[in-house]
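J.: structure, please.
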Amino acid sequence: MRVLVTGGTGYIGAGLVRALLERGDDVVTFGPTSDPGRIADIANDVTVIRGNLAYSSEVFNAVKDHRIERIFHLGSMLSTLSNANPWASFQVNVVGTMNVFEAARLFDLPQLVFTSTIGTFALGAGTVVTDHTIQRPATMYGSGKLYCECLGRFYRTHFGLDYRAIRFPSVIGPGTKLRTVAQYNSWMIERPALGKPFDCFVTEGTKGPGMYFKDAVRSLLMIADAPRDSIVMVNYNVGGLVPTPTAKELEMEVRKHIPGAAITYVPDPAIMDYYATAKTETFDDSCAREEWGWLPEYGSLDEIVADFIHEVRTDPSRYGLP
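T.: Modelled structure (predicted):
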């Protein structure tokens, strides 16, 4: 199958590209850089297109010229950058997604898989969030993603596009560079694994739902392969790590593998303001489990930490690490 992955050289996208190649798909990536980055070792097997999602002609050309049959739309400006520049965020995350939907409609693509975020839930969401919880995002990133979830559902019902989407919690994995509210999870494992100190920017008791990056990739493949008539909820929560650990519990698990880890706590007031309203502890993914069989492979803290450290120490260059 000829597959387009927007954001395919990024954090989750690179893992998805590798998985698609292993399945025998022809893969094209689309994003703001032509640098293959995380997929440099397989760059000869992938078509890497430099383009801007906000320009419809660039999106349309990528889909038309490469006779794309399925799109995984991962490309976006993330939360911190979106709040810093909400105008650019609107162009990339909202207009850009509309362009991807239009390309799928105009060129009769069989399927489009979209990635959304736990950030569509915020104000008043409570400690348990289900697919039926009212979505009241508090960030530019979350607001844009929620609009696009609704837009995708419209394209499904009005134009017959086989649209389906996943909402990720914090995705834990190596090689992320941008500091976000939940990034402490990844850096608390990565920095000690590389022999570096880590000043954790949240308090010891902070917690937020998370999942391992390998499970994030698996969930995208699973929802794409699910029979169309099994997709009822359309926009799905997916989770992995149960129960949700505090930052201190994560630290203690890291110390089981790296006893001398230099981890301290220097809470960032702005980030702690976010956690004052974002109180979700359980990201309920019952609909994904019931409708298309979602089940994480890395469901416990010890499994995630052990595999993460192994990945970082075995092949750091794959994740852009020294």
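
J.: helix, strand, or coil at Phe72?
T.: Under the three-state scheme (DSSP: H, G, I helix; E, B strand; the rest coil), Phe72 adopts strand.

J.: surely it meets Met1?
T.: No. Applying Cβ atoms under 8 Å, one finds Phe72 not in contact with Met1, separated by 11.3 Å. Heads up, the C-betas are built off the backbone N, CA and C, glycines and all.

J.: please say which of those two ends up with more neighbours.
T.: A direct count of neighbours by other Cβ atoms under 10 Å for Phe72 and Met1 places Phe72 higher, at 27 against 14.

J.: could you list every residue that touches the nearest residue to Pro192 once chain neighbours are set aside?
T.: Leaving aside its chain neighbours, Pro192 sits nearest to Ala261 (3.7 Å; criterion: Cβ to Cβ, 6 or more residues apart in numbering). Taking Cβ atoms under 8 Å, 6 or more residues apart in numbering as the criterion, Ala261 is in contact with Pro192, Phe198, Glu251, Val254, Arg255.

J.: Ile309 now?
T.: Ile309 makes contact with Ile189, Ala193, His257, Ile258, according to Cβ under 8 Å, 6+ apart.

J.: inside helices: which ones of the residues you listed?
T.: Among these, the members falling in helices (DSSP state H) are Ile189, Ala193, His257.

J.: and those residues, which are buried?
T.: With neighbours counted by 16 or more other Cβ atoms under 10 Å, those contain buried members at Ile189, Ala193, His257.

J.: let's have those in a markdown table, adding pLDDT and distance to Ser57.
T.: Listed next are these as a markdown table, based on pLDDT from 0 to 100; distance: Cβ to Cβ, whole Å:
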| residue | pLDDT | distance to Ser57 |
| --- | --- | --- |
| Ile189 | 98 | 42 |
| Ala193 | 97 | 44 |
| His257 | 97 | 50 |
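
J.: out of those, flag the one nearest to Arg313.
T.: Ala193 (6.2 Å; Cβ to Cβ).

J.: sorry, back to before: is it fair to say the residue nearest to Pro192 lies in a helix?
T.: No. Counting by three-state DSSP, Ala261 is not part of a helix but coil.

J.: where does it land on pLDDT?
T.: With respect to pLDDT, Ala261 scores 97.

J.: same question, Leu321
T.: 87.

J.: and it, which helix or strand is it part of?
T.: Under the criterion DSSP states H and E, no helix or strand holds Leu321.

J.: from memory it sits against Pro174, does it?
T.: Yes. Taking Cβ under 8 Å as the definition, Leu321 is a contact partner of Pro174 at 6.3 Å.

J.: which of these two has more neighbours?
T.: Pro174 (23 against 15).

J.: could you check how far the nearest residue to the more buried one once chain neighbours are set aside is from Ala193?
T.: For Pro174, ignoring the flanking residues on the chain, the nearest one in space by Cβ to Cβ, 6+ apart is Tyr319 at 4.2 Å. Taking Cβ to Cβ, to the nearest Å as the measure, Tyr319 falls 11 Å from Ala193.

J.: identify the contacts common to these two.
T.: Joint contacts of Tyr319 and Ala193 (Cβ under 8 Å, 6+ apart) are Val312.

J.: so which of the ones in helices among the contacts of Ile309 comes closest to Phe308?
T.: Using Cβ to Cβ, these come closest to Phe308 at Ile189, 4.8 Å.

J.: what's the burial count for Glu253?
T.: Glu253 has 18 nearby residues by other Cβ under 10 Å.

J.: cool, and Asp162?
T.: The burial count for Asp162: 16, using other Cβ under 10 Å.

J.: same check, this time on Ala262
T.: That count, for Ala262 with other Cβ under 10 Å as the rule, works out to 12.

J.: hang on, the earlier thing: overlap in contacts, Leu321 and Pro174.
T.: Glu190, Val312.

J.: Thr120 and Pro137 touch, don't they?
T.: Yes. If you go by Cβ under 8 Å, Thr120 and Pro137 touch, sitting 5.1 Å apart.
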